[in-house]
Structures are given as structure tokens and as C-alpha cells.
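# what follows is a predicted protein model with its sequence.
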Amino acid sequence: MGVLIIDDEENIRRATAVVIEAMGHSTAGAGDGASALKRLQSEDFDLAFLDLKLDGESGLDLLPELLKANPKLEVIVFTAYASIDTAVEAMRRGAVDYIPKPFTPEQIRRTLGRITKARKLQERVADLESRLSSDAPTTDLATSEPAMQKAIEVALKAAATPATILLLGESGTGKTVLARAIHANSPQKESPFVTVNCPSLSRELLESELFGHVKGSFTGAVSDSLGKVAVAEGGTLFLDEIGELPIEIQPKLLRLLQEKEYERVGETRTRRANVRVISATNRDLETAVRDGRFREDLFYRLNVISIEVPPLRKRLADLETIADGYLTFFSRQCFKRVKEFSKAAKTGMRQYSWPGNLRELRNVVERAVILASGDEIDLADLPEKLSQPSARMEADGVELGAMTTLDALESEHIARVIKQSATMEEAAKILGIDPATLYRKRKKMAVDPAADCSSNANSI
């Protein structure tokens, strides 16, 4: 937190700064109103300590000007001329607290501690309101699947450290949920959790959203913008779909990670950042590095701790529990009394491959709750793709468990993974085999090259 100390006595400014900096905050000083206003115009401050009797001017008269220059500034006033009248007048003009002189370091610490706690509570309330306004069900991290148990175990161990974390996995697997769980179990849990969706904006707008901008720095910049890095100060910055980050912004993110420094768009002033970075991607970043689409040095900075989040098709033991959680949420939201899934509906869900993972399951359950006519969701309430054998996990038109060979099952699975992958290397990684083995199997299968990832521009 940035604190401006406004007092005409240098020794008071210095003594106050020592106490505040010992609490981990940055400080700056000003000996008069003009200097204070000049600093507010060029720098960001969260809090100001203001002497009510400056040399030749009134702190009470300066107070409204400070708040006009920075409406978000919180002002604590102190003075040797303490009285009930001046305290009431200072609060009426916008001060948040009042300290009489002479003051002790403990009074400064206690007052600043109250302000800091109140700010963190406001940030948490804002975060909770944002999450509630999204009107989405929460996802329980409890799991019976070893792969997910391992992911959660690593995540919670890493949460207690300042390490940068990279979450890997298909779209919709719950990487954002896991990122929030890491934040909630970290030393930063009382501070903001801020998300930046990397593919959502153009390069110019994404840079502005991430680092902020100054008024007039580009068309449409009609006012200053703090940027998500500043908003996440002291907390967690979550970079979703980091694999889509434009190459031009990558050096600036690398600098943020390495040096904790950045500049806003259109500004030359270097700013310091205190944020913990968690990123997520459904892309193969190692392949992107080889293709020149992602910086190698940035990849290594992001990949201090990497956690693979398994797809839903590999978490079938958790499927019913997660679906029940969604069912409870949407039943309440839709004012219906749907209590459970029928046996046929459960079978249909277990035999489906869930390419959209948790996100698809959420949508399917919401739809089923809306369509259900009784207190039970039946197979007919689910989308047709879940009730048709041709849409289930099958090989050559035969369902899993049918009388068919392992070779046929393997060939169908490999063909489907290749078709959905950007490159053969990515397909090999998903399948858990080396690329050379995959090429041999593909040749043996005589897969149509026009129908798989080998026809993509990114493949080798």
C-alpha cells in the first residue's frame, strides 16, 4: 500500500515513515499542500497522513482538495491541536480517522492496521459479490480419482509458497476452480484474486487490461486505468489461457515475473508489483515454444510448478458426485424439486466421453433440470447425444464392453485423439506414448491424413 505523509516537520515525516515501512508499505513525504497535490497527480497512493496545521496553511482546507485529486484516497489526520471540534470537522470533510499529537508508533500501527483490515474485507466482499453475480454453482474439489487427488495435493503444497504455478488441462476441466483453491489456501488469501482472460481482447486492449494505461495513450483512453496487475496488488493474478498471450506482450509479462516491475501503456514511469501469478492453458506450450509462438524463457518462468488437471472422462468415479452438486444448485435456482438421476440417466452419463468436461456437464444438468417433469431426471431429459449409442464412448460402432477386439478399441481411441489434437506431438502426449510410436501406430491404422491433426499447419 502506498502512503503519503503530509507534514511541515521533516522529523515527523521521517519517524512516521519508519513505522509505516516496517509494516511493509511504501511511503513518500510532502511538506506542504502544493507538494502533496503534485505527488497525487503523478503517483498512486492508497492512504495519506495529514497534519491539520501546516506551515501557513490549514490541513482542513487541504483535505477536500486531496480527495478531489484522488477520490479513493483514505486520509488520517493528526495534529497537536487536538479537540473534539477539529476531529468532527475533519471526519465531516472526508477523513477516515484521527490521531492526536504527540503520537506513539503503536498508535500509527494500530490505526494503519484497522485501515488495512477494512480494505481487505472490502476487497473480499467485492470478490464474493462478483462470484455470486456470475450465478454459477461451485465445484467441490473432493475426489476419488488418484490423478485428481495428486493434482490437488500438489496444488495445496504449492499454495503455501510464492512459486508461480502453471495449470494444464483441457478446456472446462476446472482449472479456474483449482486456481481459486490455491489462492484460498495461500498467504495471499485475504487479498484480491484477479483473472485476466488472455484470448478475450486484441493485443492493444489486453496489454492495457493487464498493465493499465494513462489518459490519451491510445484512441478511447479517455481516463487513466490501473490495470489488473495493480488491482491484484498483494494477491493473486490468474492468467487464463496463457498459451494465447500475444508474442508482443510476452516480454513484458516476463519482466513482471522476474523483476516485479512494469509500466502502464503510454507511461515511462516504472511501477513495482507484488502479485503471485497462476496461469492456465489447454495448449501444449512446449510445442508452441518450438514453433516460435511462445518464449522459452517465459515458459520456464511460468512452469515452476506444473499441475495436470485430468479431463472428466478420466474422473468417472467423481462424475455422479459432481452432477449431484449441479443438480442441487439448478433445482434450487429453477424453483423445482428434482432430487436425483434415474439409473438409465446415470448409465448414459457414464458412457459419454464429455469432450466439454465439467463445463459441458454443468450445461447438460441445467438443461435436464429445466426439462424434467418429475422429481427425477431420466435419460429422455438428457441431450440426444447421451442417449444414442453412436455418441457414447465406442469403437467402430460398438460400445465399450461389447464383443470387440482391443486393437479395434485402441485404433478408434487413437484416431479420435489425433483428430482433436493440434499436432501429432500433442496427441502423443495425451496418449502417453512417444511421437515415433504414434507415427508407427497411425501408419498401421492407415488413418486418413485429411481427417486428423497432421493436416494442420502447426503439425510436423
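In hand now; what should we look at? Numbering: from 1, shown residues only.

# list the buried ones in stretch 141-149?
Leu141, Thr143, Met148 (16 or more other Cβ atoms under 10 Å). For the C-beta atoms, the positions are set from N, CA and C on the backbone; glycine is no exception.

# which residues touch it?
By Cβ atoms under 8 Å, 6 or more residues apart in numbering, the surrounding residues in contact with stretch 141-149 are 152, 177-178, 181, 308-310, 314-318, 321.

# if we go to 6 Å?
Contacts of stretch 141-149 with the rest of the structure, by Cβ atoms under 6 Å, 6 or more residues apart in numbering, involve Ile152, Ala181, Pro310, Arg315, Ala317, Asp318.

# and the gap between the residue lying closest to the last one once chain neighbours are set aside and Gly59?
Counting by Cβ to Cβ, 6 or more residues apart in numbering, Thr143 is the residue found nearest to Asp318 once chain neighbours are left out, at 5.1 Å. In this structure, Thr143 and Gly59 are 58 Å apart, going by Cβ to Cβ, to the nearest Å.

# now Val19
Counting by Cβ to Cβ - Val19 and Gly59 are separated by 20 Å.

# more crowded one of the two?
Counted by other Cβ atoms under 10 Å, Val19 and Gly59 do not tie: Gly59 has more neighbours, with 25 against 18.

# list the contacts for that one?
If you count contacts by Cβ under 6 Å, 6+ apart, then Gly59 has Leu50, Asp51, Leu52 around it.

# between these, which has the most around it?
That'd be Leu50 among the contacts of Gly59, by other Cβ under 10 Å, with 25 neighbours.

# returning to what we had before: so which of the contacts of Gly59 are in strands?
Leu50, Asp51 (DSSP state E).

# possible to save the contacts of Gly59 as TSV with pLDDT and distance to Ser26?
TSV is the format used below for these (pLDDT from 0 to 100; distance: Cβ to Cβ, whole Å):
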residue	pLDDT	distance to Ser26
Leu50	84	18
Asp51	83	20
Leu52	79	24
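
# quick one: which of the contacts of Gly59 is nearest Ala221?
Ranked by distance to Ala221 (Cβ to Cβ), those are led by Leu50 at 31.3 Å.

# per-residue pLDDT, the most far-flung residue of the chain relative to its centre?
Relative to the centre of the chain, the most outlying C-alpha is that of Gly56, 49.0 Å out, by Cα atoms, centre = their mean. At Gly56, the pLDDT value in this model is 76.

# how about Ser134?
50.

# quick thing: my sequence starts at 189, can you match it?
Yes, from this point I'll number from 189; that puts the last item at Ser322.

# for the stretch 539-648 of the chain, which spans come out with low pLDDT?
576-592, 607-608, 610, 633-648 (pLDDT under 70).

# residue ranges of the helices in it, please?
Here the stretch 539-648 of the chain has its helices, by DSSP state H, counting those that start in this stretch, at 545-559, 572-575, 594-608, 612-619, 623-633.

# would you turn those into TSV with distance to Ala306 and mean neighbour count?
Below are the helices of the stretch 539-648 of the chain laid out as TSV (distance: least, Cβ to Cβ, whole Å; neighbours: other Cβ atoms under 10 Å):
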stretch	distance to Ala306	mean neighbour count
helix 545-559	36	19
helix 572-575	50	15
helix 594-608	50	16
helix 612-619	48	21
helix 623-633	56	14
